[in-house]
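Q: One predicted model, sequence on top.
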Amino acid sequence: MNIGLIAHDSKKKLMQNFCIAYRGILSKHELYATGTTGRLVEEVTNLNIHKYLAGHLGGQQQLAAQIEHNQMDMVIFLRDPLMPKPHEPNVNDVVRLCDTYNIPLATNLATAELLVRALGRGDLEWREMYR
């Protein structure tokens, strides 16, 4: 399965820790991330991650394009809702596209854990048929 990873600056350390904790499950899938997030996660996990541009330089738009072409099966987007971003429309695009194309989306740690555990159990295999 193709899994997208995005984290706002204040959530990057949380994303690193999350990926360390669930490395065993994530290593069985194709991972895609915005540039800085991908590099930071790779450094601490040794997972192979396809990296886009940094989020504010168009990485979120690159991920959004994959969602639109039904090439993404799940997205973990650890957002900081208290710190609005100048590129907020791009942030909202990812959320809107996941809703439009029925892509499971986690925007906080609690939901990310539920999704990755479901992934580990095989509960998201319906995405393979959907594609």
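A: Sure, I can see it. What you are looking at is a predicted structure, and each value in this text was computed from that prediction instead of being measured. Numbers count the residues shown, from 1 in each chain.
Q: what pairs with Ile6 across the strands?
A: Assessed by DSSP bridges, Ile6 has beta-bridge partners Phe77.
Q: hang on, it packs against Phe77?
A: Yes. Under the criterion of CB atoms under 8 Å, Ile6 makes contact with Phe77 at 4.4 Å. (C-beta placed from N, C-alpha, C; glycine too.)
Q: For these two, list the residues in contact with both.
A: Common neighbours of Ile6 and Phe77 (criterion: CB atoms under 8 Å, 6 or more residues apart in numbering): Val94.
Q: Tell me where this protein is predicted with low confidence.
A: Residues of the chain that meet the criterion pLDDT under 70 lie in 84-91, 130-131.
Q: For it, just list every one of the strands.
A: Counting by DSSP state E, the chain has strands at residues 2-7, 30-33, 49-51, 74-78, 105-106.
Q: helices and strands around the second one, which ones?
A: Just to be clear, that refers to strand 30-33. Judged by 3 or more CB pairs under 8 Å, 6 or more residues apart in numbering; DSSP states H and E, strand 30-33 is in contact with strand 2-7, helix 35-45, strand 49-51, helix 59-68.
Q: make it 6 Å
A: Strand 30-33 sits against strand 2-7, strand 49-51, with contacts defined as 3 or more CB pairs under 6 Å, 6 or more residues apart in numbering; DSSP states H and E.
Q: swap in the longest one?
A: Applying 3+ CB pairs under 6 Å, 6+ apart, we find strand 2-7 packed against strand 30-33, strand 74-78.
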